[in-house]
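>>> please work out how this folds:
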Amino acid sequence: AKCVKVNPDTPQKAVRHQVLEEGKILLTPQPRLRTGFFSTLSKDSLPEGVEIKDVTNSKGVAKYGIPVGLNEKYTVDLVVVGSTAVCPNTGARVGK
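Below is the predicted model of the structure:
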């Protein structure tokens, strides 16, 4: 996967870190949709001296993420979501 969408929830922080560490593009919703809908981050787009661990939380995404406009086209290769439980029969998610 080249572009991976990961939710901004705290339990997925390690996943966001791994995506960036592997040189992939991270697509993540803006925290509470304050400054837009989605942002992208990549290891190559980080300013010198900024570490990956500094951009995997909501403040880092807001500060270093590149906003994605509603009309921009991009391809998402993998979507990572979190859930507290999954129904073994239907696969339906329960909780956040």
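>>> what about the strands in the protein?
Along the chain, counting by DSSP state E, strands occupy 3-6, 25-29, 38-41, 66-68, 78-80, 85-86, 93-94.
>>> any idea of the mean pLDDT for the longest one?
Mean pLDDT, taken over the full extent of strand 25-29, equals 94.
>>> cool, the last one as well?
Confidence over strand 93-94, taken as the mean pLDDT, stands at 72.
>>> same deal with the third one?
Along strand 38-41, the predicted local confidence has a mean pLDDT of 93.
>>> so can I have a markdown table of the strands of the chain showing distance to Val55?
C-beta: built from backbone N, CA, C; applies to glycine. Listed next are those as a markdown table, based on distance: least, CB to CB, whole Å:
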| stretch | distance to Val55 |
| --- | --- |
| strand 3-6 | 12 |
| strand 25-29 | 9 |
| strand 38-41 | 6 |
| strand 66-68 | 11 |
| strand 78-80 | 17 |
| strand 85-86 | 29 |
| strand 93-94 | 27 |
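>>> as JSON lines, the ones you listed with mean neighbour count and distance to Pro47 would be great.
Formatted as JSON lines, these follow (neighbours: other CB atoms under 10 Å; distance: least, CB to CB, whole Å):
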{"stretch": "strand 3-6", "mean neighbour count": "20", "distance to Pro47": "21"}
{"stretch": "strand 25-29", "mean neighbour count": "22", "distance to Pro47": "16"}
{"stretch": "strand 38-41", "mean neighbour count": "21", "distance to Pro47": "12"}
{"stretch": "strand 66-68", "mean neighbour count": "14", "distance to Pro47": "12"}
{"stretch": "strand 78-80", "mean neighbour count": "13", "distance to Pro47": "25"}
{"stretch": "strand 85-86", "mean neighbour count": "10", "distance to Pro47": "39"}
{"stretch": "strand 93-94", "mean neighbour count": "11", "distance to Pro47": "36"}
